[in-house]
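Visitor: Dropping a prediction and its sequence here:
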Amino acid sequence: MLKIKIFSYFKILILSFFIQSGANALTAFDEEQIISVVSSQLQAFQDDDFEKAYSYASPTIKTIFPDYKKFRDMVVGQYQAVYRPKSINFGSVTTQGGTTFLEVYLVDPDGIFVTAIYTMQQQEDNSWLINGCFLNQAKSDQI
């Protein structure tokens, strides 16, 4: 009886792991959507259409920057690499600890190679929005 109970518990534990893993797995469609959202925001920056660029921001970002003008001021003042990149190359989409990331390799207006790590947030309707962007000087000029 004890063996059956332990085996059943183990089986439930394994099944639970696979269900949770599946819930966090990204589909090819998710990856395409994530790249599309970031690409669209980068294009909106190029067009100086900050209202459109702001539309790709998550509710969390919109809480921090309550209107597109404040968002514009932050981007222009602190994110020249994404505002006016000389070059853009999309890297991989990954998920770690329940957070989804997209790496984007940029060359900023001064010619400095930058890696932008976008954190993404899936919405209730399964769409994706940008939940943050962290810039790091690239370790190499190989983008």
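Guide: Received, thanks. All figures in this text were calculated on a predicted structure; none of them were measured in a lab. Numbers count the residues shown, from 1 in each chain.
Visitor: switch to C-alpha atoms for all contacts and neighbour counts from now on
Guide: Will do.
Visitor: Below-threshold pLDDT in this structure: ranges please.
Guide: 1-24, 140-143 (pLDDT under 70).
Visitor: which residues in it form helices?
Guide: 2-24, 28-46, 50-55, 59-64, 68-78, 80-83 (DSSP state H).
Visitor: measure Ala57 to Tyr79 for me?
Guide: As defined by CA to CA, to the nearest Å, Ala57 lies at a distance of 15 Å from Tyr79.
Visitor: which of those two has more neighbours?
Guide: Using other CA atoms under 10 Å as the criterion, Ala57 and Tyr79 rank with Ala57 on top: 24 against 18.
Visitor: Pretty sure that one sits against Ser127.
Guide: No: counting by CA atoms under 8 Å, Ala57 stays clear of Ser127, with 11.7 Å between them.
Visitor: Leaving out chain neighbours, which residue sits closest to Gly91?
Guide: Glu103 (4.8 Å; CA to CA, 6 or more residues apart in numbering).
Visitor: Count the residues that sit near the one you found.
Guide: Glu103, neighbours per other CA under 10 Å, totals 20.
Visitor: partners of it in the sheet?
Guide: Beta-bridge pairing for Glu103 (DSSP bridges): Ile117.
Visitor: Distance-wise, check it relative to Gly111.
Guide: From Glu103 to Gly111 the distance is 18 Å (CA to CA).
Visitor: Show the contacting residues for Phe71.
Guide: Contacts for Phe71 (CA atoms under 8 Å, 6 or more residues apart in numbering) come out as 50, 54, 65.
Visitor: now with 7 Å?
Guide: When contacts are counted by CA atoms under 7 Å, 6 or more residues apart in numbering, Phe71 touches 54, 65.
Visitor: One more: the one 5 residues further on?
Guide: Contacts here follow CA under 7 Å, 6+ apart; on that basis Val76 touches Tyr83.
Visitor: now it: how far from Gly91?
Guide: The separation that Val76 has from Gly91, given CA to CA, amounts to 23 Å.
Visitor: just Ser127 next, same as before
Guide: 20 Å.
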